[in-house]
Each structure stands twice: as structure tokens, then as C-alpha cells.
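# Fold the stuff below for me.
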Amino acid sequence: MLERSSKARRSRVARALAAAGAAATLAAAQLVTPAPASAAVSRAELALRWAPIHYQDVDATGSHALGGQSDYITMVDFDGDLNGRNNWDRAGQSGTSLAAYGYYSVVETSTHWYITYLFFHPRDWTDHPFFETEHENDAEGVLFTIERDGSTYGVLRGAVTVAHTDFFSYTPTGSTWTGGGESVDGTLQLQASPHDSFQHPVTAQEAQGHGLKAYPQYNINGDGLIYYPSTVAETPSNGNDRDVRYQLIDMLAPGGLWAQRATPSLFASLGTFAGDTTGDCGSGTWSCSTNSANAPWGWDDGNDVPARGELASDPAKVAAEYFTIPSGLSRTYTYNPYANAAAALAEAARTAPPNVD
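Purely as a prediction, here's the structure:
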């Protein structure tokens, strides 16, 4: 897989999730039908409106693929607990659900909404023995910046996606934003959903390693899934199901992922999911690494200006760095729960091991 030449090659970093609460608490904040234009929009409604139609390539090759199920998106507690160190094995066990979920958080300023989406896989895997490292847990995603133009849901201006240890930036057709400190990597397409009345941005993830870019920079190659944002979570009927609804979970909800950030069974350190080498992880491949997946407050592109975790915790800085923005962009947050832990995030960024996801 080729990335921008200025970027480092993909690698794997640590992820950890913690068991300080019931699995059901992570599913808090289920979404409702988007508000009519006359109503004030909630953060949950805003997240549902802009949630991406998501193309997921599926590979069924080899035993680590679980017949393609290793490429299904799901909850971090899909197996009913908040132990990140048993997810590799539990993904292959009968009785566990791989129903489709995505995570989101909304941060606000007076001029923009910033919506971060995370898609989780229990395995980051490979089907060949050369130069590729597997690991337990995988979490990559995208940041959408929405200008508050006076309309109910605002207008989408730009996106930054996470593909392993690299960030990629996109603008939709007609956006007033152009390249800034980083060049724009492509056009963010929008498509109609059969499950609501909106045009949604379109993202895609590769099979196995699950890097995420704007569609069609990644695409379905043979078998694959198309996930649509909804208020229900469906399990794919097979690895080539082209209409699967996924439900959103608020990372900032009480008991949610952010609240669990210090739970040692789930997170090995701030922003890094806990994962070990038990089971067949690494068997027949180059190796299996530990603690090698990141939550949004651990995402990092080490070649770019924003620091580790700032895509989630200081998205206005990310937008200002990646894009040239002709209209005003406030850097003062009116809602940002991540900011309460800014000092801890900064210290974690300073002391974190190299990002190897």
C-alpha cells in the first residue's frame, strides 16, 4: 500500500480500553431521527446527519480472516466486557455479536462543529508472513468540520482521515476551503442514503489493516460491505452485504469511551488500547504486537504539526493547519470535554512511544 511520499510507512501503536463499567454503558446515547429544520439540533442528531456512508473491503483469505468477519466494524465491547486483551480471540467465538456500530464525538466553537468518527475492528490482521505485523484491536476514523452557517445542520467544509500513522485531507465539491499547511488529497464525495433523506459523505476502509480514506481512494475489491448510518445496528448477512445499517455511540457520553480512558483492562495508557499476543495473533505472519491501536485522543501523524490526540482534542487547530479557510474560524471552544484533560493529553503525547499502528 502506497501512501503520500512525505509520510512514514504504516506501523502499529498501542490501544487500551478499560473495564470500569458495564458494557452497556458504552452503548449510551443512541441516536434519534434527525430534527426538522425548525428545531434546534442536538449533537446526536448532528452526528447522525453527517455520519458517513462507509465502504468496507472484506478479505476472507486465511484463518485470521474468520471468513471475512475480521473486517466487520463493531463495538469495543462486542463480547460483553471491557477487556481489550481478549478481543482477538473473542472475535472468532460463537455467541459474540459483530453487529455494526460506529463511535462519534462532537466538539463546538461559535463558528464550527467538529465531529470525530471512529470505526473499531477486534483484529488488525494479515494473510501473509512477510513484513506485516498483526495486533489486537484496531480503531481508525475521520474528522469532519461543519461550518455553522445558520442552517439546521450547517455545511460540510473539510475532512481529515486516519490511515494508520498518516492523516489525509479532503474537501467536498463546492467547498470554500483549499489546501493549507498540507495539500488536499482528494475530493470527499457525497451519496444519498436509502435510510434517510440526506446526502452523506462517503468514506472507505481497506481490508486487514483498515486504513481509512475518502471513497474511492480505498474501495471494495471483490467482497465488501456498505454501512449506512441509522438508529439500529445490523449484523452483515455475509461478507458481501451492500446494505448494512450501523448505530452510533457517543464517545463523550457518561460511561462512554472517554470516561473509560483510564480503565486498565481497556487502555494500556492514555489514548492507547490494551492488546496482547494471546491466541493465534502473529501465527504464520511476521509478528503480533501489543498495545498497538489508538483511540482518537491517541491518533497521530508524526510528520504533521498537530500533536498526538489533537485531531479529537483540538480539531480547530487541525483544521487551521490543514486548510486555507477564507471565512472566520474561532479557536475558542464552547463545548469540548477533551479540553479538561489537555495537560494529561500533552504529557501523554510527550512521553508516548512511537506511533506504530
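
# so where is the stretch 251-357 of the chain shaky, pLDDT-wise?
342-343, 345, 348-349, 351-356 (pLDDT under 70).

# Repeat the analysis, applying 50 as the threshold.
Along the stretch 251-357 of the chain, segments meeting pLDDT under 50 are nowhere present.

# where do the strands sit along it?
267-269, 272-273, 287-289, 293-294, 323-324, 333-335 (DSSP state E, counting those that start in this stretch).

# Tabulate those strands in CSV, adding columns for mean neighbour count.
For the C-beta atoms, the positions are set from N, CA and C on the backbone; glycine is no exception. CSV is the format used below for these (neighbours: other Cβ atoms under 10 Å):
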stretch, mean neighbour count
strand 267-269, 23
strand 272-273, 30
strand 287-289, 20
strand 293-294, 33
strand 323-324, 18
strand 333-335, 14
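
# Which one, of the ones you listed, ends up nearest to Ala163?
strand 293-294 (12.5 Å; Cβ to Cβ).

# count of residues packed around Gly222?
Residue neighbour count, defined by other Cβ atoms under 10 Å, stands at 11 for Gly222.

# quick revisit: turn the strands of the stretch 251-357 of the chain into a markdown table, including distance to Gly102.
Output for these, formatted as a markdown table (distance: least, Cβ to Cβ, whole Å):
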| stretch | distance to Gly102 |
| --- | --- |
| strand 267-269 | 19 |
| strand 272-273 | 16 |
| strand 287-289 | 25 |
| strand 293-294 | 16 |
| strand 323-324 | 24 |
| strand 333-335 | 20 |
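
# Figure out which of those is closest to His54.
Across these, closest to His54 is strand 293-294 (Cβ to Cβ), at 18.2 Å.

# helices or strands up against that closest one?
Strand 293-294 sits against strand 133-147, strand 272-273, with contacts defined as 3 or more Cβ pairs under 8 Å, 6 or more residues apart in numbering; DSSP states H and E.

# Residues in a beta bridge with the nearest residue to Ala51 once chain neighbours are set aside, which ones?
Closest residue to Ala51 apart from its sequence neighbours, by Cβ to Cβ, 6 or more residues apart in numbering: Pro229 at 3.5 Å. Beta bridges link Pro229 to Tyr246, judged by DSSP bridges.

# My guess is Pro229 contacts His200. True?
Yes - taking contacts as Cβ atoms under 8 Å, Pro229 lies within contact range of His200: 6.7 Å.

# out of these two, which sits in the more crowded spot?
Neighbour count, other Cβ under 10 Å: between Pro229 and His200, Pro229 has more, with 26 against 22.

# can you pull the contacts of that one?
If you count contacts by Cβ atoms under 8 Å, 6 or more residues apart in numbering, Pro229 has them with Leu48, Ala51, Pro52, Ile53, Gly102, Ser193, His195, Asp196, His200, Arg245, Tyr246, Leu248.

# What strand or helix carries the first one?
This means Leu48. helix 43-50 (DSSP states H and E).

# ok so, going back, common neighbours of Pro229 and His200, please.
Ala51, Pro52, Ile53, Ser193.

# could you dump those to a markdown table with pLDDT and neighbour count?
A markdown table is the format used below for those (pLDDT from 0 to 100; neighbours: other Cβ atoms under 10 Å):
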| residue | pLDDT | neighbour count |
| --- | --- | --- |
| Ala51 | 99 | 27 |
| Pro52 | 99 | 29 |
| Ile53 | 99 | 24 |
| Ser193 | 98 | 16 |
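
# and which of those is nearest Glu321?
Pro52 (22.2 Å).

# Where do the helices of the chain begin and end?
Taking DSSP state H as the test, the helices found in the chain are 43-50, 87-90, 310-313, 315-322, 342-351.

# List of residues touching the fourth one?
The contact list for helix 315-322 (Cβ under 8 Å, 6+ apart) reads 107, 109, 112, 114, 116, 143, 145, 158, 160, 167, 169, 179-182, 304-306, 310-311, 325, 329-331, 333.

# okay, the helices of the chain, which one's buried deepest?
Per-stretch averages of neighbours, counted by mean count of other Cβ atoms under 10 Å, single out helix 310-313 among the helices of the chain, with a mean of 27.

# what's the offset of that one from the middle of its chain?
12 Å (Cα atoms, centre = their mean, to the nearest Å).

# what's the burial count for Arg148?
Arg148 has 15 nearby residues by other Cβ under 10 Å.

# re the thing from before, just the buried ones from the contacts of helix 315-322?
Buried residues within the contacts of helix 315-322, defined by neighbour count using 16 or more other Cβ atoms under 10 Å: 107, 109, 112, 114, 116, 143, 145, 158, 160, 167, 169, 180, 182, 304, 306, 310-311, 325, 329, 333.

# Kindly reformat the contacts of Pro229 as CSV and extend each row with distance to Ala293.
Shown next, in CSV, are those (distance: Cβ to Cβ, whole Å):
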residue, distance to Ala293
Leu48, 25
Ala51, 21
Pro52, 20
Ile53, 24
Gly102, 16
Ser193, 29
His195, 29
Asp196, 31
His200, 26
Arg245, 25
Tyr246, 19
Leu248, 20
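
# With that, I have no additional questions.
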